[in-house]
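> Take this sequence and fold it.
(4 chains)
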There are 2 protein chains.
Amino acid sequence: MPSKTVRPAYFAALATERPDIAMCRAAAYLARAGEAHATRQGLGVGQHLVLKMLDAVGPCSQQVLAEELRIDRSVMVNVCDDLEKSGFVHRRRNPDDRRSYAVTITGEGRERLAGAETAVPSFLDETFAPLTADERAQLTALVSKLMQL
Amino acid sequence: MPSKTVRPAYFAALATERPDIAMCRAAAYLARAGEAHATRQGLGVGQHLVLKMLDAVGPCSQQVLAEELRIDRSVMVNVCDDLEKSGFVHRRRNPDDRRSYAVTITGEGRERLAGAETAVPSFLDETFAPLTADERAQLTALVSKLMQL
DNA sequence: CGCAAACGATCTGCTGTCAAACAATCGCCT
DNA sequence: AGGCGATTGTTTGACAGCAGATCGTTTGCG
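Predicted coordinates:
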């Protein structure tokens, strides 16, 4: 989208000097786009990620979900509450350690996840449109290395 | 920092599949590090950026500062308030357009900025330690292109 | 067995950000 | 001239994220 004003464009200079600021601003843009896409789909970003992880690795405690998805515990509570209210997961006590829940995805949850997943590629194509597939892969690799994965 | 548990490490897989999520998590890490560094220096991140831009391009309205630095207008109000209270900037009405301010950096503000700037390189070296200088430049270039700068 | 420490889930309070509304001012248009 | 939409700075309300305390449960250790 072209900018209507031909201002000094100081931000470009700042971005080259402060990669941390540039990353934060880019992430804010991505977060807004993702949130908008998620609400269009009627499924929150966190909810989507939880369903996706449960489908991939099986039942988990909220603790593991929170740590692995980098979502705060106290936020995970509400995410799982909403998912349970919608019937996409069910929580029952882990018989081996009754302190923890075994959060499990339901059949209905799998269907919901499948529907949401089909919309992801086009969303990524839109939001990462300025980058080629190769550049996108480079970016992913660099970010992963930054976080020491 | 090594992780104490050798869990499935699902996040690494998620990061390769969802670059948007990976970017958001990395940016959150950077934001936390930057905020911690800023409070150590006693100058907020936004305040630092405003001083830096004023020093680079001269007096600006809060609107221009907000748009260029990607800070919300209603946040910029408090940032400029604090800077003015500290004596680092002064606001006077623009005589040509009395709706807007001409926010100007003071001599004291320049001194404060210079002190804060000297601490930036070491901060960047710490937070971007996993990346080489070349990779850091690649990352910056990719992020800039993503935001179409 | 009894008790202290640790852990998982939840709740509460605080902080920061953003959207929407509002007053003052400007530019435009007839 | 005058009216009306747009812009600038500000205030307010809502909401997400996070730190810390709480409650129930389990584990370890004498």
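> any residue of stretch A:134-146 up close to chain B?
Yes. Contact of stretch A:134-146 with chain B (C-beta under 8 Å from any C-beta of the partner chain) involves A:135-136, A:138-140, A:142-146. Placement of C-beta: from N, CA and C, glycine included.
> Grab the longest strand from chain A for me.
When chain A is parsed with DSSP state E, its longest strand is strand A:97-105.
> So what touches that one?
Applying C-beta atoms under 8 Å, 6 or more residues apart in numbering or on different chains, the contact partners of strand A:97-105 are A:50-51, A:54-55, A:59-63, A:65, A:80, A:88-94, A:113.
> In strands, which of those residues appear?
Among those, DSSP E puts A:89-94 in strands.
> near DNA strand C too, which of the residues you listed?
Counting by C-beta under 7 Å from any atom of the strand, residue A:91 from the ones in strands among the contacts of strand A:97-105 sit close to DNA strand C.
> residue ranges with poor pLDDT in chain A?
Under the criterion pLDDT under 70, the flagged ranges of chain A are A:1-8.
> residue ranges for the helices of it, please.
Along chain A, counting by DSSP state H, helices occupy A:10-17, A:19-41, A:45-57, A:62-69, A:73-85, A:107-118, A:120-127, A:133-146.
> now for the last one, which elements pack on it?
Meaning helix A:133-146. With contacts taken as 3 or more C-beta pairs under 8 Å, 6 or more residues apart in numbering or on different chains; DSSP states H and E, helix A:133-146 sits against helix B:10-17, helix B:19-41, helix B:133-146.
> What of the fifth one?
Other helices and strands packing on helix A:73-85, by 3+ C-beta pairs under 8 Å, 6+ apart, are helix A:45-57, helix A:62-69, strand A:89-94.
> Is the longest one in proximity to chain B?
Yes. Helix A:45-57 lies within reach of chain B by C-beta under 8 Å from any C-beta, at A:49, A:52-53, A:56-57.
> is that helix anywhere near DNA strand C?
No. Contact of helix A:45-57 with DNA strand C is not found when judged by C-beta under 7 Å from any atom of the strand; the minimum separation is 11.9 Å.
> residues near residue A:27, how many?
For residue A:27, the neighbour count with other C-beta atoms under 10 Å in any protein chain shown is 24.
> let me fix that: residue A:25
Neighbours of residue A:25 (other C-beta under 10 Å): 20.
> now swap in the one 4 residues further on and tell me
By the other C-beta under 10 Å criterion, the neighbourhood of residue A:29 contains 16 residues.
> Kindly report the same for residue A:127.
Neighbour count of residue A:127, defined by other C-beta under 10 Å: 19.
> interface residues of chain A facing DNA strand D?
For chain A, the residues in contact with DNA strand D under the definition C-beta under 7 Å from any atom of the strand are A:46, A:71-75, A:96-99.
> let's go with 10 Å and repeat that
Listed as neighbours of DNA strand D in chain A under the rule C-beta under 10 Å from any atom of the strand: A:4-5, A:31, A:35, A:44-46, A:66, A:70-79, A:93-100.
> Now list the buried members of these.
Burial by neighbour count, judged by 16 or more other C-beta atoms under 10 Å in any protein chain shown, picks out A:31, A:44-46, A:66, A:70-71, A:76, A:79 from those.
> Now those in JSON lines, please, with extra columns for distance to residue B:20.
As requested, these are exported to JSON lines (distance: C-beta to C-beta, whole Å):
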{"residue": "A:31", "distance to residue B:20": "8"}
{"residue": "A:44", "distance to residue B:20": "14"}
{"residue": "A:45", "distance to residue B:20": "9"}
{"residue": "A:46", "distance to residue B:20": "13"}
{"residue": "A:66", "distance to residue B:20": "19"}
{"residue": "A:70", "distance to residue B:20": "13"}
{"residue": "A:71", "distance to residue B:20": "15"}
{"residue": "A:76", "distance to residue B:20": "20"}
{"residue": "A:79", "distance to residue B:20": "18"}
